[in-house]
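# From the sequence below, what's the structure:
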Amino acid sequence: MTSGRPSILFWTLLWVGLGVGCASASLQTPSARRPYDRKASVLHPEVVLHRNMAASSVDLYLSVNRAELLYSRASASSPFVAQLQIDLLDTSWTVVDTAW
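Numbers count the residues shown, from 1 in each chain. From the prediction side, this is the model:
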């Protein structure tokens, strides 16, 4: 039965299609959605600052539990390696740890 107006089935399918198309899962990780939530982060570093009173410098001590690192290897004969990149202002350090 076709009258000049769309059927209820058409409108129902249209609204369901729009609802499904607009509802997307977030691509952000929990740590990206909550950057200050310590439990949402994968790594839980311990940081200690030590200020040298004689010099105008600060020493930074960083400790990360090795169990929280992701170790991977390039080939079957390569050792498992974890890399941690530390960025501070315009300086960057890469720390490499092997599981062997």
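
# Now name the helix or strand holding residue 62.
Using DSSP states H and E, residue 62 falls within strand 57-63.

# which secondary element of the chain has the worst mean pLDDT?
Among the helices and strands of the chain, helix 30-33 carries the lowest confidence by mean pLDDT, DSSP states H and E, at a mean of 62.

# Below-threshold pLDDT in this protein: ranges please.
Within the chain, the stretches with pLDDT under 70 are 1-6, 17-41, 100.

# how about the helices in the protein?
Using DSSP state H, the helices of the chain run over 8-22, 30-33.

# Now do the contacts for residue 51.
57, 58, 59 (Cβ atoms under 8 Å, 6 or more residues apart in numbering). C-beta coordinates here come from the backbone N, C-alpha and C atoms, glycine included.

# Find the nearest non-adjacent residue to the first one, please.
So that's residue 57. Closest residue in space to residue 57, ignoring its immediate chain neighbours: residue 51 at 7.7 Å, by Cβ to Cβ, 6 or more residues apart in numbering.

# I appreciate the help and will end here.
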